[in-house]
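Participant: model this:
(chains A and B, ligands or ions: 2)
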Amino acid sequence: MNFLVLVKQVPDTEKVKIDPNTGTLVREGLDITMNPLDAHALELAVSLKEKFGGSVTVLSMGPMNTVDVLRNAIALGADRAILLSDVALAGSDTWATSLALARTIQKLSIQYDLLICGEKSIDGETGQVGIELATLLNLPAISYVSELIEIGRDFVLVRRSVEDAHEIWKAPLPVCLCVLKSVAEPRLPTLSGKKKAMDAKIEIYNVKDIKIDPEEVGLKGSPTRVVKVFNTKVSRNCTIYEDKDVPEGINRLAELIRRTLAGEPV
Amino acid sequence: MIVVLNNRVDRNSFELLSKARKLADKAFMKLVFLLISNSKKNIEELVRFGPDVVILALHERFERFSLDPFLSTSKKILEKYSPSIVLAPATTFGRTLMPALAASFRTGLTADCTELDVDEKGNLLQTRPAIGGNVMATIVTPFHRPQMATVRPGVFEIEEQKKRNTIFVEEPVENPEDRCQLVRVEPKQAGAKLEEAKIIVSVGKGLRKKENVELAFRLASLVKGAVGASRAVVDARWLSHDHQVGLSGKTVKPKIYIAAGISGAVQHLAGMQTSEIVVAINKDRHAPIFRVADIGIVADASWALSELIRRLERDDDGSRR
Ligand SMILES: Cc1cc2nc3c(=O)[nH]c(=O)nc-3n(C[C@H](O)[C@H](O)[C@H](O)COP(=O)(O)OP(=O)(O)OC[C@H]3O[C@@H](n4cnc5c(N)ncnc54)[C@H](O)[C@@H]3O)c2cc1C
Ligand SMILES: Cc1cc2nc3c(=O)[nH]c(=O)nc-3n(C[C@H](O)[C@H](O)[C@H](O)COP(=O)(O)OP(=O)(O)OC[C@H]3O[C@@H](n4cnc5c(N)ncnc54)[C@H](O)[C@@H]3O)c2cc1C
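Facilitator: Ligands and ions are numbered 1, 2, ... in the order given. Here you go, the predicted structure:
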């Protein structure tokens, strides 16, 4: 059984800063990590490989420092790591990202029974790449997968979590699954894993290698344009009740509730 | 032409139609509602929100969402009408179908919008939160059509229109193929009903222990409201995810939002800023939640909730006497 896991490198969003003058992100000096959800996707693949045999390939598109993220994936149990990296890819939106990833999978003839993506990244957080990619590859796809129940030679049984229900779906292989956190709990890398990762070869390709027309990807190939990025500033004028005024605050709140329930203006 | 696409006639449909009607008027476009569903339930209600045309694609296959049949059907219909803008709710339905449509049409898709406008060239200005709610981004799709966006439930006002002569069209649906097979459906228990509540009592880690969440339920039932929660509370399994308010939870718009023991992280604010009046209860005078509150009570959250319950119960007795 072959597993292909998509991993995205993301800035550590806890530390993201906004340039107060331009309103844009300060990306310099930010640590990068594996998109947290992708660690769950990877763990699902690695644990299935351990049970049923086969191999786990991780694929990423991103700047050169993504190599570190891919090494980490190997330390966590991936067998093969592929990075698509090229300045021509900078500024890709989800369409261009999916196209580049689809071409890479096709050009390198990567074999897989399961293509696993995270539900969304923590930076762009569109949750669109998995489904767009599956569509370009003409794969069946199931989103919001909360559990993999069973996998057979030519099918997979999954639980899908939607607003009003859990649904159990049977899908043929190969299939693309966009997974939620609950599919697997990521492990910590072992010492031997880390050693293996240090020596591992990360395969790196550029757009020429994959025969991607640079006009089709990056900012040029992207249908969407981010025209403005701005900080969310919200503030209200808060009346504070503290110490001895607290009971007065509670009375005011009770009055507010009473008026609202009575449909009176507040 | 603007198409609003959904698999049922519900609040999300009304919110999207209300907003899309304004965009359509501003850009001199027709407004079409495309329903892909197994039932005509509530379709008469649509006319109140001003679509010029309602297109129905009905088939028993559409009882529950599955990508293959919904994609092939919606693709065919959208190809026929070639709209300039396609909108769908950012539900598990819209967030799955729309990316597949965007990929098929080789066009852009903006996720999870919280604001929409059109400029004089007919470009859709799509504004959405990203990076954990730390920033808002405005996105356009200048050269590709249709322009596509999913829209966060709960951010647009439902506004009725004066009646117009809505045309209903039924599009034939041939037995659509599906490579996947639905085995079983296990309903979740009724949701937290946060979207409809006038008063929300939302609890955070400052409630200290799970048992204290009961206070929020008592208060909510007293005021016919609903119970919300921060993610910390959901992560601690005090409440299920459908109570979560915020970026990765629900967007709410009640008249009164009571945030009890919630610190006010940006991701939480992303879901409750649209509340009319915000009341914060926190024992830390400097908690960020106070910056976005109208009324701030610096006190122990459980104590304050119990006091409020006592106060309201007393009012209740008074009125009965
Ligand atoms: C503020 C901001 C807003 C944006 N809004 C939009 C928008 O509305 N529409 C749009 O089209 N683009 C948008 N983008 C661009 C978008 O973030 C990038 O296209 C990005 O490369 C992929 O989208 P995502 O981060 O949303 O990934 P998601 O679709 O959220 O990621 C889902 C999964 O896909 C896989 N994946 C995603 N990217 C990669 C990758 N590079 N390599 C390997 N696997 C990957 C991972 O498994 C991941 O878990 C925005 C960017 C920013 C900074
Ligand atoms: C990608 C991403 C998405 C996220 N999405 C969401 C989301 O959708 N919704 C969400 O809520 N969060 C979300 N978060 C998490 C968010 O960043 C915060 O961690 C979370 O909101 C904190 O919850 P809290 O305020 O209940 O807990 P804490 O941060 O622990 O704050 C507890 C508060 O209670 C106060 N307190 C303590 N004791 C008392 C007492 N006795 N009486 C009164 N007050 C007291 C403290 O002063 C403090 O302000 C997300 C985070 C990320 C990274």
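
Participant: what residues does chain A put near ligand 2?
Facilitator: Chain A has residues residue A:122 near ligand 2, with proximity defined as Cβ under 6 Å from any ligand atom. For glycine as for every other residue, the C-beta is placed from the backbone atoms N, C-alpha and C.

Participant: from chain A, which residue is nearest to ligand 2?
Facilitator: Nearest residue of chain A to ligand 2 (Cβ to the nearest ligand atom) works out as residue A:122 at 5.1 Å.

Participant: Distance of that residue relative to residue A:214?
Facilitator: Going from residue A:122 to residue A:214 by Cβ to Cβ, to the nearest Å gives 28 Å.

Participant: can you give me the helices for the stretch 51-200 of chain A?
Facilitator: With DSSP state H, counting those that start in this stretch as the criterion, the stretch 51-200 of chain A has helices at A:66-75, A:94-107, A:129-136, A:191-199.

Participant: possible to save these as a markdown table with mean neighbour count and mean pLDDT?
Facilitator: A markdown table is the format used below for the helices of the stretch 51-200 of chain A (neighbours: other Cβ atoms under 10 Å in any protein chain shown; pLDDT from 0 to 100):
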| stretch | mean neighbour count | mean pLDDT |
| --- | --- | --- |
| helix A:66-75 | 22 | 97 |
| helix A:94-107 | 22 | 98 |
| helix A:129-136 | 26 | 98 |
| helix A:191-199 | 13 | 94 |
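
Participant: closest one to chain B among the ones you listed?
Facilitator: When those are compared by Cβ to the nearest Cβ, helix A:129-136 sits nearest chain B, at 3.8 Å.

Participant: Touching the closest one from outside, list them.
Facilitator: Contact with helix A:129-136 is made by A:6, A:8, A:94-95, A:97-99, A:101-102, A:115, A:117-119, A:121, A:140-141, A:143, A:176, A:178, B:67, B:71, B:96, B:99-100, B:102-104, B:109, as judged by Cβ atoms under 8 Å, 6 or more residues apart in numbering or on different chains.

Participant: dump the residue contacts of residue A:90.
Facilitator: Applying Cβ under 8 Å, 6+ apart to residue A:90 gives the contacts A:218-219.

Participant: Next one, pLDDT for it please.
Facilitator: Looking at residue A:90, its pLDDT is 94.

Participant: How about residue B:130?
Facilitator: Looking at residue B:130, its pLDDT is 83.

Participant: Could you list which residues are in contact with it?
Facilitator: A:123-125, B:136-137.

Participant: rerun that using 10 Å as the cut-off
Facilitator: By Cβ atoms under 10 Å, 6 or more residues apart in numbering or on different chains, the contact list for residue B:130 reads A:13, A:25, A:121-126, A:226, A:229, B:111-112, B:136-137, B:139, B:247.

Participant: Determine the number of other residues adjacent to the nearest residue to residue B:222 once chain neighbours are set aside.
Facilitator: Of all residues not flanking residue B:222 in the chain, residue B:312 sits nearest, at 5.3 Å (Cβ to Cβ, 6 or more residues apart in numbering or on different chains). Neighbours of residue B:312 under the rule other Cβ atoms under 10 Å in any protein chain shown: 18.

Participant: partner residues bridging residue B:295?
Facilitator: Note on residue B:295: beta-bridge partners by DSSP bridges are residue A:239, residue B:279.

Participant: Which helix or strand contains the residue nearest to residue B:222?
Facilitator: Residue B:312 belongs to helix B:301-320 when assigned by DSSP states H and E.

Participant: buried stuff in that helix?
Facilitator: Judged by neighbour count (16 or more other Cβ atoms under 10 Å in any protein chain shown), helix B:301-320 contains these buried residues: B:301-302, B:304-305, B:307-309, B:311-312, B:315.

Participant: near ligand 1, which residues of chain B?
Facilitator: Counting by Cβ under 6 Å from any ligand atom, the residues of chain B near ligand 1 are B:108-111, B:128, B:130, B:135, B:137, B:139.

Participant: residues contacting the residue most central in space within chain B?
Facilitator: Residue closest to the average C-alpha location in chain B (Cα atoms, centre = their mean): residue B:153, at 1.4 Å. With contact taken as Cβ under 10 Å, 6+ apart, residue B:153 is in contact with A:163, B:10-12, B:15-16, B:89-91, B:94, B:112, B:195, B:250-252.

Participant: For the stretch 201-321 of chain B, which segments count as strands?
Facilitator: B:226-229, B:256-260, B:277-282, B:295-298 (DSSP state E, counting those that start in this stretch).

Participant: for those, which one ends up most surrounded?
Facilitator: Of all the strands of the stretch 201-321 of chain B, strand B:256-260 has the most neighbours on average by mean count of other Cβ atoms under 10 Å in any protein chain shown, namely a mean of 30.

Participant: do that one and chain A meet?
Facilitator: Yes - using Cβ under 10 Å from any Cβ of the partner chain, strand B:256-260 reaches chain A at B:256, B:258.

Participant: quick one, that strand and helix B:301-320 angle?
Facilitator: Orientation of strand B:256-260 against helix B:301-320 (axes from the mean of the first three to the mean of the last three Cα atoms, to 10 degrees) gives an angle of 140 degrees.
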